[in-house]
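In: What follows is a predicted structure for the sequence shown.
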Amino acid sequence: MKPWLYIPPKISHDLSPYVLKSLALFKPWPKELKSKKTLMSLDFFSPFGTAGGLDKTAESMHSWAKLGAGFIEIGTFTPKPQKANPGTVLLRSLKDQALWNAMGFPNAGFKNVIKKVEAYKKASNLKKLPPLFINVGKNRDTDLKKAHLDYVKGIHFFSKTADAFVINISSPNTKDLRLLHEKDRFIPFIEPILEASNSINKPAILKLSPDLEKSEFDTFIRLCTKLPIAGITLTNTTNQRSKNLYKTFPNHGGLSGTPLTSLACEKLQDARAILNEEGSKQSLISVGGVMTPAQANKRLKMGADLVQMYSGLIFYGPNLLKDSANFKSH
Ligand SMILES: Cc1cc2nc3c(=O)[nH]c(=O)nc-3n(C[C@H](O)[C@H](O)[C@H](O)COP(=O)(O)O)c2cc1C
């Protein structure tokens, strides 16, 4: 039974920390699974983890660890607190197995979030924790030319608490953010960020949009292979709308879940081919339309080093992480 699928999606989203706490309550602290993996100098409990945006309040790290996450991502966080965009920000379609969101990084800001992350780490004191990725973005009123300052601030702020940083330039819900995929804007943006993360020896992972055309995408990935980026996350939500959808979603905002599956697979395979060609050791993290344990494991075969889930955890349920790690193909 998945009662959260039968209440309005935004209410369900806001209640999720409580639901997760109750689901995790009697579960023991996880042992590292057999599928343990070391990447970017981090020990992953399994290759399957939670995606950005799932825990925007830093309240569910403990629950996700107990529910079998091999690694956990929190955020996107911005320097100053900010509210969600006005109007409807979350829709769901059971028939399409899809979520649509136009949230725009609602979060409590670095200063408030760090207290919760420190409390989580302290409470888990002697236990080994799944790696924690902290996803950083810019405030909506930060000028794009100064965007790097918000990310650098995030790296300094979370330097002791994050195991890796996700540099999010791919949300469709922060005006002009995706323009940072353009080479002339990207280089001056990313250089100070990589300098900051490399100076504290923490991996920086870049999270990309699925909506670049193939030639643009390939050029961008090739450019990334020349930079000291530890990993690339593919992909954020899409602003493309397939004709086969049952539900009509607004044109703005981003779509995730099943309508994103084939696009996310395509981007993963393109990127894997380029990284192999360039002899790059950068990690690839696949996310987008992973709805079943079989699909999660298929991403590894397609060339992903790690796999993340958001929509699948809503439609299949929170056991998707554990079931993916225990999955045996026949
Ligand atoms: C409601 C919602 C909020 C999201 N918020 C963020 C976010 O704050 N930062 C981010 O990097 N990605 C965010 N995402 C994108 C997810 O991390 C993921 O890239 C996308 O949903 C595709 O994966 P999925 O098909 O498994 O959902 C969000 C997705 C949804 C559905």
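Out: Arrived safely.
In: contacts and neighbour counts: CA atoms only from here.
Out: Noted.
In: just the strands in the stretch 1-150 of the chain please.
Out: 37-39, 42-44, 48-50, 72-77, 90-93, 98-101, 132-136 (DSSP state E, counting those that start in this stretch).
In: ranking these by burial, who's on top?
Out: strand 48-50 (a mean of 29; mean count of other Cα atoms under 10 Å).
In: pLDDT weak spots in the stretch 51-200 of the chain?
Out: 125-126 (pLDDT under 70).
In: hang on, the earlier thing: can you put the strands of the stretch 1-150 of the chain in CSV and add distance to E216?
Out: CSV is the format used below for the strands of the stretch 1-150 of the chain (distance: least, Cα to Cα, whole Å):
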stretch, distance to E216
strand 37-39, 28
strand 42-44, 31
strand 48-50, 28
strand 72-77, 25
strand 90-93, 30
strand 98-101, 25
strand 132-136, 24
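In: And these: which comes nearest R222?
Out: strand 37-39 (20.7 Å; Cα to Cα).
In: So what touches that closest one?
Out: Contact with strand 37-39 is made by 43-47, 283, as judged by Cα atoms under 8 Å, 6 or more residues apart in numbering.
In: Averaged pLDDT, it. What do you get?
Out: Strand 37-39 carries an average pLDDT of 90.
In: Just give the strands next to that strand in its sheet, each with its orientation.
Out: Next to strand 37-39 in the sheet, as set by DSSP bridges, lie strand 42-44 (antiparallel).
In: Quick one: mean pLDDT over the strand it pairs with.
Out: Rounded mean pLDDT across strand 42-44 is 94.
In: Would you mind naming what in the stretch 51-200 of the chain lies close to the ligand?
Out: Within the stretch 51-200 of the chain, the positions near the ligand by Cα under 6 Å from any ligand atom are 51-53, 75-76, 99, 101, 105, 168.
In: any idea which helix or strand carries P228?
Out: Using DSSP states H and E, P228 falls within no helix or strand.
In: how near is P188 to L180?
Out: Note on P188: its distance to L180, by Cα to Cα, to the nearest Å, is 10 Å.
In: Kindly report the same for S159.
Out: As defined by Cα to Cα, S159 lies at a distance of 24 Å from L180.
In: quick one: which of these two has more around it?
Out: L180 (21 against 18; other Cα atoms under 10 Å).
In: what about the nearest residue to the more buried one once chain neighbours are set aside, how many residues close to it?
Out: Closest residue to L180 apart from its sequence neighbours, by Cα to Cα, 6 or more residues apart in numbering: F186 at 5.1 Å. Number of residues near F186 (other Cα under 10 Å) recorded here: 16.
In: what helices or strands is the host helix or strand of F186 leaning on?
Out: Secondary structure assignment for F186, by DSSP H and E: helix 183-199. Packing contacts for helix 183-199, counted by 3 or more Cα pairs under 8 Å, 6 or more residues apart in numbering; DSSP states H and E, involve helix 147-157, strand 204-208.
In: wait, which of these is closest to P228?
Out: strand 204-208 (8.3 Å).
In: Would you list the strands that that closest one pairs with, along with their directions?
Out: Strand 204-208 has its sheet partners listed here by DSSP bridges as strand 164-168 (parallel), strand 231-234 (parallel).
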